[in-house]
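Chemist: What would the 3D arrangement of this be:
(2 chains)
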Amino acid sequence: MTRTPRAKRRSRVTVAEVVLYAFAVLFLIAIIYPIYFIVIASFSDPSSVANGQVWVFPKGFTLEGYKELLRHENIWIGYRNTILYTVVGTLIGLVVNISAAYALSRKDLVGRKFFSLFFIFTMFFSGGLIPTFLTIRDFHLYNTFLVMVLPFSVVVFDMIVARTFFQTSIPGDLWEAAQIDGCGNLRYFVLIVLPLSKAIIAVLGLWIAVGYWNSYFNALIYLKDPNLYPLQLILRNILITNQMQSGMGTGEAAQVALRLANLMRYSVIIIATIPIMCVYPFIQKYFNQGVMIGAVKE
Amino acid sequence: MRTNALYIGRTLERIRRNWGLYVLLFPAVVLTLLFAYKPMYGVLIAFKDYSPAMGIGDSPWAGFKYFEKFFHSYQFTNTIRNTLVISLYSLATFPIPIMLALLVNQMRAGRFKRFFQTVSYMPHFISTVVMVGLMLILFSPSTGLVGNMYQLFGAQAPDLMGSSALFSSVYVWSDVWQHVGWDSIIYIAALSAVDPSLYEAATVDGASRWHKVRYIDIPMLLPTAITLLILRVGGLLGVGFEKVYLMQNDLNILSSEILSTYVYKIGLLSSQYSFSSAINLFNTVINFILLILVNQLSKKYSENSLW
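Modeler: Below you'll find the model as predicted:
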């Protein structure tokens, strides 16, 4: 063979390939354009946006939307709370899920099958909204910081993914060797297993963190005090609840206020999403890895 | 007798030797008992006239009163129909991530492929609140992007967010937009595990690109697809509360009231704890039965199952 297969493939662009890439480009536009539009709209004069003059570049460049946000105190309280919930919640989630997953991955754990079932059952059957609510209230967790980071920190799906990782990537011989050297389970877990498991810790940490950053359901149900509200709940008030009422006013002043409110909506979407979008390209390869680990069946 | 004692002794010895593992397991077990199993006991209030003053144990029994109340209420057919419409519609979009994965798999490795994947997952990271907020402003017939596009052609845009008839379509397709890239990852991973010699052998046998997709790629994806499908069917009546609740408004309520939003309103907004729990339990039990049923069917016909 004189030509490598790669060169051979290169040399032939088939109709199928043209269709394939054309479709892929259309798909890309469908995903990117709405996001891009939000970005340029947040920097544009709200009237131009409303009149359909903003398509590719911002028109009537303005930072009014962002200035309006700076005045909105609740957003910054929400930001602070979300960061706190995300950091503390992710730490708790990692400790709880990773350590349980490791224990479950060990074949010499007596009662392994029982504990697995014990966790998996909760994936498919739950007490439901009201009984859970009553439980949280009985424990005096309603409207506390703790309710946002503790009760729902066990995520069985994550645990299964981590367990699979431990089963496939940590050789059992390692434990036998450590045992001969007189190393106990806990020391072995902290000093040997954890340093070998950076990939899975990164994946789970990021899954959990994204979950906390984006969640609003628990806050909606278990929080009453606006000073504890996470960003998403504040966003809901700005983006969704206010939307219903904003159509009411008709006067000149109301029109201006409405435009400004609309502009702020574009900006608030940007500032709420940017932190996640910023980290995401760096962690993307870990995400892929994580899903692949999860795809491996027992 | 003696062998029994010996067996128990050995087991205890094994537990004692690995006590550290139980320490690691402990936090997750305690949290699960407190926040997952304890509420399961609370399911009892669906069968009681629950009064907060008396607690779950002492409240008087009500039998199936609240279930009957739900079956006879005008919301029964409505919420079930809406829940089914939305979930079956979502289920119908199940093959789309598979198609996307097949498409990506056909691309030559390189910068474009990486870029394509990076972009396709991006919307997955947008929160539900922001997603619905985004839809509200983009779909606004008067000031939004969609409204402006219609205006370009001199047409009047439909009110996508305020339409009962369009609710399920808007819900399902915005979900596809947001998650199709992410959902395809698992299939892309499965495809990357295909042995290249299969393709080589197929090429030697004169297989076209399409033949390879049809006879190698698709069969390779089937086990993963079936497992995910079983899980989806098991949650058929469990359509997400979050997005539907945020998308709800007075204009679309007729087709947007689903079981979970109804449970929330009855339970937390109007404090009818027992009634709400009964509806919730009805929902959970049906899901559970569906899951077991589909799993059995799949076990019988395809050798794929969850347990």
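Chemist: Any stretches of the stretch 1-150 of chain A with poor pLDDT?
Modeler: Within the stretch 1-150 of chain A, the stretches with pLDDT under 70 are A:1-12.
Chemist: Now do the helices in it.
Modeler: A:5-10, A:15-42, A:46-50, A:64-71, A:73-105, A:112-124, A:129-138 (DSSP state H, counting those that start in this stretch).
Chemist: what's next to the shortest one, contact-wise?
Modeler: Pointing back at helix A:46-50 there. For helix A:46-50, contacts defined as C-beta atoms under 8 Å, 6 or more residues apart in numbering or on different chains pick out A:41, A:54, A:59, A:60, A:65, A:259, A:260, A:262, A:263, A:266, B:142, B:143. C-beta coordinates here come from the backbone N, C-alpha and C atoms, glycine included.
Chemist: in chain A, which helix has the most residues?
Modeler: What stands out as the longest helix in chain A, according to DSSP state H, is helix A:252-295.
Chemist: what's the average pLDDT for it?
Modeler: Helix A:252-295 carries an average pLDDT of 76.
Chemist: one step back: can you tell me which of the contacts of helix A:46-50 is nearest residue A:111?
Modeler: Checking the contacts of helix A:46-50 against residue A:111 with C-beta to C-beta, the nearest one is residue A:266 at 54.4 Å.
Chemist: Report the contact partners of the residue nearest to that closest one when sequence neighbours are not counted.
Modeler: With sequence-adjacent residues excluded and distances taken as C-beta to C-beta, 6 or more residues apart in numbering or on different chains, residue A:266 is closest to residue A:42, at 3.8 Å. Applying C-beta under 8 Å, 6+ apart, we find residue A:42 in contact with A:65, A:66, A:263, A:266, A:267, A:269, A:270.
Chemist: which of the residues you listed count as buried?
Modeler: Neighbour counting with 16 or more other C-beta atoms under 10 Å in any protein chain shown marks A:65, A:66, A:263, A:266, A:267, A:269, A:270 as buried within the contacts of residue A:42.
Chemist: just curious, which of those is nearest to chain B?
Modeler: Top of the list for closeness to chain B, among those and by C-beta to the nearest C-beta, is residue A:269 at 5.5 Å.
Chemist: Got a quick PyMOL command for the buried subset of the contacts of helix A:46-50?
Modeler: Listed next is the PyMOL selection for buried residues among these, using 16+ other C-beta under 10 Å:
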select buried, (chain A and resi 41+54+59+65+259+262+263+266) or (chain B and resi 143)
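Chemist: and the helix ranked longest in chain B, what does it pack onto?
Modeler: Longest helix of chain B, by residue count under DSSP H: helix B:273-302. Helix B:273-302 sits against helix A:112-124, helix A:129-138, helix B:65-72, helix B:218-234, helix B:259-264, with contacts defined as 3 or more C-beta pairs under 8 Å, 6 or more residues apart in numbering or on different chains; DSSP states H and E.
Chemist: Kindly calculate the angle that the second one makes with helix B:273-302.
Modeler: For helix A:129-138 and helix B:273-302, the angle between their directions (axes from the mean of the first three to the mean of the last three C-alpha atoms, to 10 degrees) works out to 120 degrees.
Chemist: Which SSE is immediately downstream of helix A:129-138?
Modeler: helix A:156-169 (DSSP states H and E).
Chemist: Likewise for the third one?
Modeler: Moving toward the C-terminus from helix B:65-72, the next helix or strand (DSSP H and E) is helix B:75-92.
Chemist: What number of residues are in the vicinity of residue B:100?
Modeler: Neighbour count of residue B:100, defined by other C-beta atoms under 10 Å in any protein chain shown: 23.
Chemist: ok, residues contacting whichever helix or strand it is part of?
Modeler: When secondary structure is defined by DSSP H and E, residue B:100 falls within helix B:95-106. By C-beta under 8 Å, 6+ apart, the list of residues contacting helix B:95-106 from outside reads A:20, A:23-24, A:27, B:113, B:116-117, B:120, B:176, B:179-181, B:183-184, B:187-188, B:190-192, B:209, B:213, B:217-218, B:221, B:225.
Chemist: between it and helix A:15-42, how many degrees?
Modeler: Using the same axes, to 10 degrees: helix B:95-106 against helix A:15-42 is 110 degrees.
Chemist: List the buried residues of whichever helix or strand comes after helix B:95-106.
Modeler: Sequence order places helix B:111-121 as the next helix or strand after helix B:95-106, per DSSP H and E. Buried residues in helix B:111-121, counting neighbours by 16+ other C-beta under 10 Å, are found at B:116, B:117, B:119, B:120, B:121.
Chemist: Wait, the first one touches residue A:26, no?
Modeler: What it means is residue B:116. No. Applying C-beta atoms under 8 Å, one finds residue B:116 not in contact with residue A:26, separated by 11.6 Å.
Chemist: Pipe the buried ones among the contacts of residue A:42 into CSV and attach distance to residue A:183 per row.
Modeler: As requested, those are exported to CSV (distance: C-beta to C-beta, whole Å):
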residue, distance to residue A:183
A:65, 58
A:66, 55
A:263, 61
A:266, 57
A:267, 55
A:269, 51
A:270, 51
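Chemist: mind listing what the nearest residue to residue A:99 once chain neighbours are set aside touches?
Modeler: Using C-beta to C-beta, 6+ apart and skipping the chain neighbours, the partner closest in space to residue A:99 is residue B:24 (3.9 Å). By C-beta under 8 Å, 6+ apart, residue B:24 lies in contact with A:99, A:100, A:102, A:103, A:185, A:186, A:189.
Chemist: let's go with 6 Å and repeat that
Modeler: Counting by C-beta atoms under 6 Å, 6 or more residues apart in numbering or on different chains, residue B:24 touches A:99, A:102, A:103.
Chemist: related to what we said a few turns ago, export the helix holding residue B:100 as CSV, just CAs?
Modeler: What follows is helix B:95-106, C-alpha atoms only, in CSV (Å, rounded to 0.1, in the frame of the first residue of the first chain):
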residue,chain,number,x,y,z
PRO,B,95,-33.8,8.9,19.3
ILE,B,96,-32.6,12.5,18.6
PRO,B,97,-29.5,12.3,20.8
ILE,B,98,-28.7,9.0,19.2
MET,B,99,-28.9,10.5,15.7
LEU,B,100,-26.6,13.3,16.9
ALA,B,101,-24.1,10.8,18.2
LEU,B,102,-24.1,9.0,14.9
LEU,B,103,-23.6,12.3,13.1
VAL,B,104,-20.7,13.3,15.4
ASN,B,105,-19.2,9.8,14.9
GLN,B,106,-19.1,10.4,11.2
